[in-house]
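Participant: from the sequence below, what's the structure:
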Amino acid sequence: MKKKLSCILLIDDDEPTNFLNKLTITENGYADYVQVVPGGQEALDYLTNSGPFNTTEDDFPRPELIFLDINMPSMDGWEFLEHYKKLKQSEIEKIIMVMLTTSLNPDDRRIASEDPNIAGFELKPLTAGTLEKIIDRYFPS
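Facilitator: Presented below is the predicted three-dimensional model:
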């Protein structure tokens with residue numbers, strides 16, 4: 001039986017990619033909730049329940065898995081990671097983060113592999129096979 005996560009967070013500024021990735025996640029039944037944000041600042045707001053995600057209700061579940069793009073305007077994936085490292089442990093504990101990018105730059109893959117917050121590095125678009133591999137590896141039943 002496959003594992004179903006409560007929430008997956010997609011951080012990417014590309015709307016068509018987000019549409020396809022969210023569709024892949026929902027059609028394959030891997031998450032109860034998929035939150036899409038177009039950039040690093042919005043993701044930080046989501047993780048800290050601030051900005052547009054400031055609520056006393058439990059409207060925004062904490063993600064178990066984050067897919068992070070590298071190349072985004074205003075705050076790219078690397079800048080997001082610098083801010084992410086400064087968050088409270090309670091805001092980020094038990095979150096698995098995977099770079100999901102079009103970057104073929106070997107330096108990006110190397111830097112990601114050296115960052116303890118990055119569990120994996122995958123190329124876009126997200127496929128059912130890639131998603132299954134990630135879920136099986138990081139969220140065994």
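Participant: check contacts around the closest residue to Thr101 other than its chain neighbours.
Facilitator: Among residues not flanking Thr101 along the chain, Ile70 sits closest, at 4.5 Å (Cβ to Cβ, 6 or more residues apart in numbering). Every residue, glycine included, has its C-beta placed from N, CA and C. Under the criterion of Cβ atoms under 8 Å, 6 or more residues apart in numbering, the neighbours of Ile70 are Asp76, Gly77, Trp78, Met99, Thr101, Ser103, Asp108.
Participant: from those residues, which has minimum pLDDT?
Facilitator: Across the contacts of Ile70, the member with the lowest pLDDT is Ser103, scoring 90.
Participant: quick one, what contacts that residue?
Facilitator: Residues in contact with Ser103 (Cβ under 8 Å, 6+ apart) are Ile70, Asn71, Arg109.
Participant: low-confidence ranges, this structure, go.
Facilitator: The chain contains residues with pLDDT under 70 at 1, 56-58.
Participant: change it to 90
Facilitator: Judged by pLDDT under 90, the chain has its weakly predicted residues at 1-3, 49-61, 74, 88-93, 140-141.
Participant: can you give me the strands in it?
Facilitator: Using DSSP state E, the strands found in the chain span residues 5-11, 31-37, 65-68, 96-101, 120-123.
Participant: export the third one to CSV, keeping only CA atoms.
Facilitator: Meaning strand 65-68. The C-alpha trace of strand 65-68 is given here as CSV (Å, rounded to 0.1, in the frame of the first residue of the first chain):
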residue,chain,number,x,y,z
LEU,A,65,7.7,17.1,1.5
ILE,A,66,8.9,20.2,-0.3
PHE,A,67,9.8,20.4,-4.0
LEU,A,68,12.1,23.4,-4.6
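Participant: in this protein, which spans are helices?
Facilitator: In the chain, the segments counted as helices under DSSP state H are 15-27, 40-48, 77-84, 89-92, 106-114, 128-138.
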